[in-house]
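Q: Give me a 3D structure for the following:
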Amino acid sequence: MLELVDEEGATVGTAEKLAAHRAPGRLHRAFSVFLFDTAGRLLLQRRALGKYHSAGVWSNTCCGHPFPGEPPFLAATRRTAEELGIAPSLLGEAGTVRYNHPDPESGLVEQEYNHLFAGLVTAPPKPDPAEVMETAFVSPEELDRMRGDGAFSAWFPTVLDAARPAIRQLTGASGGW
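A: As a prediction, the model looks like this:
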């Protein structure tokens, strides 16, 4: 079950996950995590082929949906551990962003009020293969090359741009993010 919200992020009900993502989509709470290593490289994940949508594409470190009533910060740390087998050594809020992104491959819609988090990780990921097929730590230049060559989740550019101010504070203005 997902937590449905209004345009200001206030809870207005719940819906089954797949039903909330069927066109035209229902606005629901989500989170996106951006973790960096000590060299300032972003940890990306390539979503497992068994995912119900956006399978096999690259995306931010971790993303998902809090359980109804679960604080987004707790959901973000829980899912990072479940998907990647790691815990951030530092994690902070990086704002919120609201978007509506149809996924042309699946026909599903990401209609989300997304809580953003940025932080540091010092342990190597140990991904759950049911969730993640590949990980990579990338510099801004490497990310630009990857985005030119490969498929990314529909929401990735939006959440990255919205989180950039917090990411720049975390990695330093000279980090290129």
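Q: Wasn't R145 part of a helix?
A: Yes - R145: assigned to a helix according to DSSP: H, G, I helix; E, B strand; the rest coil.
Q: List the residues that contact the closest residue to A55 other than its chain neighbours.
A: Nearest non-adjacent residue to A55, counting by Cβ to Cβ, 6 or more residues apart in numbering: L49, 5.0 Å away. Just so you know, the C-beta spots here come from the backbone N, C-alpha and C atoms, and that holds for glycine as well. For L49, the contacting residues are 55-56, 133, by Cβ atoms under 8 Å, 6 or more residues apart in numbering.
Q: Reformat those as CSV; add secondary structure, pLDDT and neighbour count.
A: Shown next, in CSV, are the contacts of L49 (DSSP: H, G, I helix; E, B strand; the rest coil; pLDDT from 0 to 100; neighbours: other Cβ atoms under 10 Å):
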residue, secondary structure, pLDDT, neighbour count
A55, coil, 88, 14
G56, coil, 93, 15
M133, strand, 97, 16
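Q: Please list the residues outside the helix or strand of the chain with the lowest mean pLDDT that contact it.
A: Among the helices and strands of the chain, helix 140-149 carries the lowest confidence by mean pLDDT, DSSP states H and E, at a mean of 92. For helix 140-149, contacts defined as Cβ under 8 Å, 6+ apart pick out 41-42, 44, 58, 136, 138, 152, 175-177.
Q: And these, which of them are buried?
A: Using 16 or more other Cβ atoms under 10 Å as the burial test, these include 41-42, 44, 58, 138, 152, 175, 177 as buried.
Q: so where do the strands sit in the chain?
A: 2-5, 11-15, 28-36, 42-47, 58-59, 62-64, 90-102, 109-120, 132-138 (DSSP state E).
Q: got a list of contacts for the longest one?
A: The set of residues external to strand 90-102 that reach it, using Cβ under 8 Å, 6+ apart, is 7, 9, 23, 25, 27, 33-35, 73, 76-77, 108-120, 154-155, 158-159, 162-163, 165-167, 170.
Q: Can you list the buried residues in it?
A: For strand 90-102, a neighbour-count test (16+ other Cβ under 10 Å) marks 91, 94, 96-99, 101 as buried.
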